[in-house]
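Trainee: fold the following, please.
(one chain, ligands or ions: 1)
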Amino acid sequence: MTILVTGSRGRVARTLLGLLHAQGHPLRAGSSDPGALDPPGGIPAVRCVLDDPGTFGPALEGVRSVFLYAGRSTGAATAFAEAAAAAGVRHIVLLSSSAVLEPGGADNLLAGHHAAVEAALSRGPVPATFLRPGDFAGNALRWARSIAATDTVRLPYPEAHTLPLHEDDLAEAAAAVLTAPEGHPAPAYTLSGPQSLTFREQADLIGEGRGRPVRVETVDPAEWKAASGIPAPYADALLDHWRAHDGTPLTPAAPLVDHPRTFSLWAAANAASFA
Ligand SMILES: NC(=O)c1ccc[n+]([C@@H]2O[C@H](COP(=O)([O-])OP(=O)(O)OC[C@H]3O[C@@H](n4cnc5c(N)ncnc54)[C@H](OP(=O)(O)O)[C@@H]3O)[C@@H](O)[C@H]2O)c1
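Mentor: As a prediction, the model looks like this:
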């Protein structure tokens with residue numbers, strides 16, 4: 001029986017498709033734009049978007065397990081669960097967020113849609129596992145243009161800590177939960193990278209990776225917000241998130257993979273983006 005991987009243009013889903021394909025699982029790649037996909041081994045692609053219930057039936061036909069991206073529109077998550085049950089799906093693995101665990105999670109803009117999809121799937125009828133990653137290592141790619149052009153990154157909270165999670169570790173964890181659900185009985189797993197690092201330390205490691213140091217300039221949060229191009233409510237939520245961890249080291253989550261990848265490894269592999 002087939003595994004449906006939604007959000008297939010995303011980095012996590014693409015890596016997951018490659019891992020599952022290498023293990024020989026029958027797969028279907030779901031995306032809002034299946035024509036843009038080039039999945040490994042000619043995996044069939046279908047249109048599947050969480051906020052468009054019309055796409056659910058064909059995408060779910062003959063499917064046993066689903067890797068689900070939480071879309072921004074959460075209203076159709078219940079309809080998705082019902083369509084999955086009708087199609088005979090036995091397990092849904094949701095890419096959620098550790099932000100749902102923060103105080104006021106459901107009201108937090110970074111967490112709200114994840115919390116709503118979790119709540120919808122919790123009501124059944126298909127058993128679901130929630131993967132709750134914290135900050136992705138790949139978020140540092142937002143600095144790439146500035147570093148490549150000026151050797152400098154301008155940050156409102158350079159001493160804020162994150163636990164940067166290599167997206168390949170997230171994909172590996174998802175593959176393990178999808179293919180061996182009996183070995184992963186918890187309803188939810190928090191995922192993080194192995195080291196608490198400040199943004200300044202991450203910039204230093206990017207400098208090491210590309211072979212040229214990166215300067216960090218502290219900017220006023222209001223100035224950062226105006227220059228970010230991020231819609232104001234999301235920019236405010238990010239600033240709140242970073243302020244809450246300013247100067248405070250974080251404790252890594254118990255890993256779901258054997259050898260969690262370090263940020264240093266990520267920075268070396270992505271050096272060309274910052275050159
Ligand atoms: N970034 C973090 O630190 C973080 C932390 C915790 C949780 N999360 C959650 O993890 C999920 C993935 O986040 P993300 O930041 O990696 O991904 P993203 O850039 O938000 O992409 C997610 C999805 O957007 C779609 N998409 C639309 N246009 C695209 C394009 N031009 N190229 C690639 N994908 C495109 C893809 O799905 P289709 O193929 O269906 O179009 C893709 O899988 C989100 O639900 C996010 O909230 C992120």
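
Trainee: neighbouring contacts of stretch 248-262?
Mentor: Defining contact as CB atoms under 8 Å, 6 or more residues apart in numbering, one finds that stretch 248-262 is touched by 98, 134, 137, 161-163, 166, 168-169, 172-173, 176-177, 184, 189-196. In this view, the C-beta of every residue, glycine as well, is placed from N, C-alpha and C.

Trainee: what about that stretch, start to end distance?
Mentor: Stretch 248-262 has an end-to-end distance of 19 Å (CA to CA, to the nearest Å).

Trainee: restrict the contacts of stretch 248-262 to those near the ligand?
Mentor: Applying CB under 6 Å from any ligand atom to the contacts of stretch 248-262, one finds that nothing falls near the ligand.

Trainee: please narrow the residues you listed to those residing in strands.
Mentor: Assigned to strands by DSSP state E, the following of the contacts of stretch 248-262 qualify: H161, T162, Y189, T190, L191.

Trainee: which stretches in the stretch 151-275 of the chain count as strands?
Mentor: Secondary structure of the stretch 151-275 of the chain (DSSP state E, counting those that start in this stretch): strands at 152-155, 161-162, 188-191, 197-198, 215-218.

Trainee: what's the most buried one of those?
Mentor: Sort those by mean neighbour count, taking mean count of other CB atoms under 10 Å, and strand 161-162 sits at the top with a mean of 24.

Trainee: can you tell me what sits against it?
Mentor: With contact meaning CB under 8 Å, 6+ apart, strand 161-162 is reached by 134-135, 139, 193, 196-199, 202, 245-250.

Trainee: go again with 7 Å.
Mentor: Residues outside strand 161-162 that contact it (CB atoms under 7 Å, 6 or more residues apart in numbering) are G134, D135, S196, L197, T198, H245, T248, P249, L250.

Trainee: of those residues, just the buried ones, ChimeraX syntax please.
Mentor: Of those, the buried ones can be selected in ChimeraX as follows, counting by 16 or more other CB atoms under 10 Å:
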select :134,135,196,197,198,245,250
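
Trainee: TSV for the contacts of strand 161-162, including distance to G18 and pLDDT?
Mentor: Shown next, in TSV, are the contacts of strand 161-162 (distance: CB to CB, whole Å; pLDDT from 0 to 100):
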residue	distance to G18	pLDDT
G134	23	96
D135	23	96
S196	29	98
L197	27	98
T198	32	98
H245	32	95
T248	36	93
P249	33	97
L250	30	97
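
Trainee: can you tell me which of the contacts of strand 161-162 lies closest to the ligand?
Mentor: D135 (4.3 Å; CB to the nearest ligand atom).

Trainee: ok, the closest residue to that closest one other than its chain neighbours to A244 distance?
Mentor: Leaving aside its sequence neighbours, D135 sits nearest to T162 (CB to CB, 6 or more residues apart in numbering; 4.1 Å). Per CB to CB, to the nearest Å, T162 is found 11 Å from A244.

Trainee: returning to that earlier point: redo the strands of the stretch 151-275 of the chain as JSON lines? Include distance to L19.
Mentor: Below are the strands of the stretch 151-275 of the chain laid out as JSON lines (distance: least, CB to CB, whole Å):
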{"stretch": "strand 152-155", "distance to L19": "32"}
{"stretch": "strand 161-162", "distance to L19": "25"}
{"stretch": "strand 188-191", "distance to L19": "16"}
{"stretch": "strand 197-198", "distance to L19": "26"}
{"stretch": "strand 215-218", "distance to L19": "35"}
